[in-house]
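Chemist: structure for this input, please:
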Amino acid sequence: MPFDVYDINNRHMGVITSLFPNNTDILMVGITNLKISDIELDLTGLKNYIAELYGCKNIFGKIKEDKLVETLRNVWENKYKSYGEYNEKLLFRLLLLEQLCDIESFIKIDKSKIYGYLLLDRKNIEMNGENIIIKENIDYIEANDGHNGTPIYGKVIDYPIITVENIGVGEGLLLRTDFSHFGGRNHIHKTKFKILSGNAILPITVPISLMIKKDMIVQIYLEKRNIKKIFCDGVFYMYYNF
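Modeler: Residues are numbered from 1 along each chain as shown. Next up is the predicted model:
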């Protein structure tokens, strides 16, 4: 993006780094001591992207500079004049936040300095100057040495539901499997719960029995856009083929 993100107690939590997989309304905040002044923003790439977005290029792909400047000033006047005097760099960042393109392609950040992630619901963003404020008390971040990966931190906010579902013969055939694939079992377990991470509430369903409770702290690990591991109450839960 980037934007610095603070909690309700004015603690710097980190910076926006990417989109959350499979959800266009949720952003990922990298928990880090780095601030936007430490992060390189690809302004040339952003300018090209925004010129394309607003139809400010000629047939050869060259930016029509005068048209782009006029367009951007109109956008600022219509949407962002509450931020004060026209600021092109800030406008680029705001448009990147609004359009939700591939954020990661426009920033360079040392990922070894990201200790975990929080989630940010872009529909519920509050700004203080050029900073984003999460109006929540974030008291669920625990020490993480990075050995097991970089987790998303959250807190369970409802009563988890564990279900056991029978698998009929027909379902087995549809899944192109038989009961031998389930080790003699003809049922599957699921756990459904919701977490609060940052200012985002995320419903989660995983094909495993998790021994979790309301108000428990959880760490969620992604692999190739899917949840592959969950840590809570001193236990790692891992599963495959999900």
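
Chemist: now the protein, which segments are flagged as low pLDDT?
Modeler: Within the chain, the stretches with pLDDT under 70 are 1, 100-101, 145-146, 166-187, 240-242.

Chemist: show me the contact partners of stretch 128-138.
Modeler: Residues outside stretch 128-138 that contact it (CB atoms under 8 Å, 6 or more residues apart in numbering) are 3-9, 11, 13, 16, 83, 90, 118, 120, 125-127, 196, 198-199. Where C-beta positions appear, they are placed from N, C-alpha and C, glycine not excepted.

Chemist: the residues you listed in strands, which ones?
Modeler: Among the contacts of stretch 128-138, DSSP state E puts 4-7, 13, 16, 118, 120, 126-127, 196 in strands.

Chemist: name the SS class of K155, please.
Modeler: When classified by DSSP: H, G, I helix; E, B strand; the rest coil, K155 comes out as strand.

Chemist: again, but for E77
Modeler: Classification of E77 by three-state DSSP places it in helix.

Chemist: please report the distance of it from E70.
Modeler: 11 Å (CB to CB, to the nearest Å).

Chemist: and for V164?
Modeler: V164 is 63 Å from E70, by CB to CB.

Chemist: likewise for D139?
Modeler: From D139 across to E70, the span is 48 Å (CB to CB).

Chemist: quick one, which of these two is more surrounded?
Modeler: More neighbours surround E70 than the other of D139 and E70, with 12 against 9 (other CB atoms under 10 Å).

Chemist: does that one lie in a helix or a strand, and which?
Modeler: Assessed by DSSP states H and E, E70 sits inside helix 65-75.

Chemist: please state the offset of that helix from the chain centre?
Modeler: With CA atoms, centre = their mean, to the nearest Å as the basis, helix 65-75 stands 31 Å off its chain's centre.

Chemist: which elements pack onto it?
Modeler: Helices and strands touching helix 65-75, as assessed by 3 or more CB pairs under 8 Å, 6 or more residues apart in numbering; DSSP states H and E, comprise helix 43-53, helix 88-99.

Chemist: buried sites along the last one?
Modeler: The neighbour-count check on helix 88-99 (16 or more other CB atoms under 10 Å) flags 90-97 as buried.

Chemist: still on that earlier bit, reformat the helices and strands packed on helix 65-75 into a markdown table and put distance to S37 next to each item.
Modeler: What follows is the helices and strands packed on helix 65-75, written out as a markdown table (distance: least, CB to CB, whole Å):
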| stretch | distance to S37 |
| --- | --- |
| helix 43-53 | 15 |
| helix 88-99 | 12 |
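
Chemist: and the closest residue to T163 other than its chain neighbours, what element?
Modeler: In space, and not counting its chain neighbours, T163 is closest to K190: 4.9 Å by CB to CB, 6 or more residues apart in numbering. Taking DSSP H and E as the criterion, K190 maps to strand 187-197.
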